[in-house]
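> coordinates for the following, if possible.
(chains A and B)
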2 protein chains.
Amino acid sequence: MDRILLGHGSGGRLMHQLISEHIAPSFGMNKLADSAVLDATEIAGGRIAFTTDSYVVSPIFFPGGNIGDLAVNGTVNDLAMVGAKPLYLSSGFVIEEGFPMDSLRRILVSMASAADRAGVRIVTGDTKVVDRGKGDGIFINTAGIGVVRPGTSLGPDMIRPGDKVIISGSIGNHGVAVMSERNGISFDPPVLSDTVSLAGLVDVMLDFEKAIRMMRDPTRGGVATTLKEIALESGLTVTLNEESLPVPGNVRGACDMLGLDPLYIANEGILLAVVPAETAEGLVRVMRAHESGSGAAVIGEIGAPGQGRKGRVLLRTAVGGSRIIDMLAGEQLPRIC
Amino acid sequence: MDRILLGHGSGGRLMHQLISEHIAPSFGMNKLADSAVLDATEIAGGRIAFTTDSYVVSPIFFPGGNIGDLAVNGTVNDLAMVGAKPLYLSSGFVIEEGFPMDSLRRILVSMASAADRAGVRIVTGDTKVVDRGKGDGIFINTAGIGVVRPGTSLGPDMIRPGDKVIISGSIGNHGVAVMSERNGISFDPPVLSDTVSLAGLVDVMLDFEKAIRMMRDPTRGGVATTLKEIALESGLTVTLNEESLPVPGNVRGACDMLGLDPLYIANEGILLAVVPAETAEGLVRVMRAHESGSGAAVIGEIGAPGQGRKGRVLLRTAVGGSRIIDMLAGEQLPRIC
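Predicted structure coming up:
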């Protein structure tokens, strides 16, 4: 069988074959029940983090990754952003009839290896098949459970004027990689998606500074939208220094060509952190020593709210002016993750 | 805005509006972060259950329910089947551009009320939008976390020859309700989906008998496929008494008309349990006293494996013969949940 049939989703023999021959072995699941039953000793009455994301990226294979590792890393990162150690993932597939079995296998391999690298286990799953023309190849949902580090308290209400804003690496890579593949163009050097687990980086950050105020990964909507969320949720002003924003040359070139603003482009392997001013430089140092944080930099600071204008984001430009940054409006980049 | 736009999934202002004005208030979420951070006192180092299901039922509204309550009850039931008390759900929407906002609102209301009745909270979510023609209205993924009852040990390896098989209610209702809506036919009295949470019923069952061997809800593939799974996983023989199978008259009539076998039709509000013979009658009594178990009955028993034939299911017919039951083959009922 080299293509997915409707029967692969009907609950019968074909589905059992698909799961027992392909999906379960990929993820090392050996007991298939309605739910996975998991040891929770590590949680031990503390706090858990729980998150979900559906991935509908188009195309499903792009330079630097595919929908599979994206689905694992994205959910792992959502757990890491609240200070949790990711433990378990679920995976729910919605596959279009006729989808090549080979592509499914490639995706499963990518998911398994991303899970391995992130130190999580994919423990439960589901497969549905929709008729031809009622889906688009494959959509993947992953949900994740993590255990929140004792003693961490992250959130917009922890942010104070004077805090610094740190980024862990260069921006725009994921969105440009997907858009270039979608439009059949390539760049030299090629722009690769930055999809990666940030769990290890977050570990070293919280080891160094427990009092990190807040972290968020600038995925859909990009750095601009995420900073606007942080500004709105804290009620404070975020000032961003354009000059310190790490935009690689090939990303900038691609953005010029495609008419995109790197500030609004989705990233899948970087984080923004608001941190106490006195530890900002130290944090950047430990981040740079980690493979996922080699491009870390301070890119801005938190200020008091403007008069009657809570939640603003200002971009201080290279020539000394400043402009107001808002959320992504409209649909600049649909189906980017 | 009365229809979903691509921009509702792009991470920017429209998405924030959709979430903050519609989705979050429906589910009583007040803090939107990458992950929900949840109290885990109830888990306290024991065992958790974790499950996921994507729902792609077509049509999305059908007699007795819609994709929303189905998505909540289905995942709640997967948790209940392993002896867990359901605590938290996630919801991931994949919506097709142009989907009516009114339909989304109806679905959100159904989800919230199903969660209420099941005693779970929907604590985290995600919304993606795909372009027109690349989806089919709405697909919903729900993942769920529950805490496993201390002292329960359910699974096919607990089953012994002599055990009885119990069903909690009549079969075929959900599948026939969806198929009749899909085909534009109705029955008198109408066949309604049985979608409902089984968590309360499982509670009274485990209160009465901790040593229940195994439970499973016969959804996709129906009672036949689920019993075949139980037979294969335990390596024993399941004998089903055709006469004791509760098939309502209107379901039987509909099946005759649509050319379906009730044994293979999906159910969304009943469970199968394998139980020690000596408590089977007592269990049926306490189940019948519960609103979700009023049709409970003993429908079969477990026998030793046949010579060289592990994992068989035999149907003992009304006239005294018997035939072998296998899993659903092919695609009798696609997109039933």
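
> excluding chain neighbours, what is closest to the residue of the stretch 201-337 of chain A found nearest chain B?
Using CB to the nearest CB, the single residue of the stretch 201-337 of chain A nearest to chain B is A:Arg220, 2.6 Å away. Bear in mind the C-beta positions are built from the backbone N, C-alpha and C, glycine included. Nearest residue to A:Arg220, sequence neighbours excluded (CB to CB, 6 or more residues apart in numbering or on different chains): B:Gly11, at 2.6 Å.

> phi first, then psi, for that neighbour.
The phi and psi values for B:Gly11, taken as degrees, to the nearest 10, are phi 90, psi -10.

> now do the contacts for it.
A:Thr219, A:Arg220, A:Gly221, A:Gly222, A:Thr225, A:Ala266, A:Leu328 (CB atoms under 8 Å, 6 or more residues apart in numbering or on different chains).

> show me these that map onto helices.
A:Gly222, A:Thr225 (DSSP state H).

> got JSON lines for the contacts of B:Gly11, with pLDDT too?
Shown next, in JSON lines, are the contacts of B:Gly11 (pLDDT from 0 to 100):
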{"residue": "A:Thr219", "pLDDT": "96"}
{"residue": "A:Arg220", "pLDDT": "93"}
{"residue": "A:Gly221", "pLDDT": "92"}
{"residue": "A:Gly222", "pLDDT": "95"}
{"residue": "A:Thr225", "pLDDT": "95"}
{"residue": "A:Ala266", "pLDDT": "96"}
{"residue": "A:Leu328", "pLDDT": "82"}
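
> mind listing the helices for chain A?
Going by DSSP H, chain A shows helices at A:13-18, A:24-27, A:67-81, A:101-118, A:173-183, A:199-208, A:222-234, A:249-258, A:277-288.

> most packed of those helices?
Scoring the helices of chain A by mean neighbour count under mean count of other CB atoms under 10 Å in any protein chain shown gives helix A:67-81 as the most buried, with a mean of 29.

> tell me what that helix is packed against?
strand A:47-55, strand A:84-96, helix A:101-118, strand A:138-148, helix A:199-208, strand A:214-216 (3 or more CB pairs under 8 Å, 6 or more residues apart in numbering or on different chains; DSSP states H and E).

> export these to a markdown table and tack on mean pLDDT and distance to chain B?
As requested, the helices and strands packed on helix A:67-81 are exported to a markdown table (pLDDT from 0 to 100; distance: least, CB to the nearest CB, whole Å):
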| stretch | mean pLDDT | distance to chain B |
| --- | --- | --- |
| strand A:47-55 | 96 | 4 |
| strand A:84-96 | 97 | 4 |
| helix A:101-118 | 98 | 14 |
| strand A:138-148 | 97 | 3 |
| helix A:199-208 | 98 | 11 |
| strand A:214-216 | 98 | 6 |
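
> now stretch A:22-34: mean pLDDT?
For stretch A:22-34, the mean per-residue pLDDT is 88.

> any idea how far that stretch is from the chain center?
In this view, stretch A:22-34 has its centroid 25 Å away from the chain centroid, taken as CA atoms, centre = their mean, to the nearest Å.

> wait, what's in contact with the spatially closest residue to A:Gly9 that is not a sequence neighbour?
Closest residue in space to A:Gly9, ignoring its immediate chain neighbours: A:Val129 at 3.0 Å, by CB to CB, 6+ apart. Going by CB under 8 Å, 6+ apart, A:Val129 touches A:Ile4, A:Leu5, A:Leu6, A:Gly7, A:His8, A:Gly9, A:Ser10, A:Val94, A:Ile95, A:Glu96, A:Glu97, B:Pro334.

> report the beta-bridge partners for A:Val129.
On the basis of DSSP bridges, A:Val129 is bridged to A:Ile95.

> ok, stretch A:253-270 near chain B or not?
Yes: using CB under 8 Å from any CB of the partner chain, we find that stretch A:253-270 touches chain B at A:Tyr264, A:Ala266.

> what sits closest to the residue nearest the centre of chain A if chain neighbours are left out?
For chain A, the residue nearest the mean C-alpha position is A:Gly74 (3.6 Å; CA atoms, centre = their mean). Spatially, and ignoring its direct neighbours in sequence, A:Gly74 is nearest to A:Asp53 (5.2 Å; CB to CB, 6+ apart).

> and what of A:Asp326?
Per CB to CB, 6+ apart, closest to A:Asp326 is A:Lys228, 6.2 Å.

> re the thing from before, ok, and the most crowded of the contacts of B:Gly11?
Using other CB atoms under 10 Å in any protein chain shown as the neighbour criterion, A:Ala266 leads the contacts of B:Gly11 with 31 neighbours.

> low-confidence ranges in chain A?
A:45, A:331-332 (pLDDT under 70).

> could you list the domains of it?
A:6-148, A:156-325 (automatic domain parsing).

> hang on, the earlier thing: any idea which of the helices of chain A gets closest to B:Val147?
helix A:67-81 (19.3 Å; CB to CB).
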